[in-house]
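Chemist: my questions concern the predicted model and sequence given below.
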Amino acid sequence: MNEKTLAGYCIRCNDQGYLTDLEQWNKEVASEIAQEEGISMTDKHWEVIDYLQDQCRKEVAITIRKVGKSGVVNIKEFYQLFPKGPLKTASKIAGIPKPVSCI
């Protein structure tokens with residue numbers, strides 16, 4: 001486990017940069033992670049983040065297909081919002097574990 005400082009908070013993360021404790025997540029931390037990933041957050045980005053966190057809390061397996069069928073965004077929009085690997089990038093910003101479906 002690693003620690004790094006984001007938005008003035010000491011955050012615990014794994015070796016791939018994913019938070020290990022969702023309780024440490026907040027929008028300021030997420031915004032800094034997004035900056036590191038080259039993402040400028042918009043309202044639509046936050047809608048996706050909220051959806052992913054909700055699914056994680058419900059312990060629902062997250063896939064690109066499920067995000068595309070969620071009604072929040074379609075798959076094309078998801079790729080436009082998070083072009084460097086939408087599910088991996090969005091999950092990292094959301095402060096949730098990397099989905100099993102991601103390599």
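Modeler: Sure, I can see it. Numbering: from 1, shown residues only.

Chemist: how many neighbours does residue 54 have?
Modeler: By other Cβ atoms under 10 Å, 13 other residues sit near residue 54. (C-beta placed from N, C-alpha, C; glycine too.)

Chemist: output the lowest mean pLDDT helix or strand found in this structure.
Modeler: Lowest on mean pLDDT, DSSP states H and E among the helices and strands of the chain sits strand 2-6, with a mean of 90.

Chemist: okay, now the sheet partners of it, with direction.
Modeler: Sheet pairing of strand 2-6 (DSSP bridges) gives strand 9-13 (antiparallel).

Chemist: picking up where we left off before, may I see the buried residues of the least confident helix or strand of the chain?
Modeler: For strand 2-6, a neighbour-count test (16 or more other Cβ atoms under 10 Å) marks residue 6 as buried.

Chemist: now stretch 55-71, how far from the chain's geometric center?
Modeler: Counting by Cα atoms, centre = their mean, to the nearest Å, stretch 55-71 is centred 12 Å from the centre of its parent chain.

Chemist: the strand or helix carrying residue 29 to strand 2-6, inter-axis angle?
Modeler: Secondary structure assigned from DSSP states H and E places residue 29 in helix 27-36. Counting by axes from the mean of the first three to the mean of the last three Cα atoms, to 10 degrees, helix 27-36 lies at 100 degrees to strand 2-6.

Chemist: related to what we said a few turns ago, contacts for the least confident helix or strand of the chain, please.
Modeler: 10, 11, 12, 13, 14, 15, 28, 29, 32, 33 (Cβ atoms under 8 Å, 6 or more residues apart in numbering).
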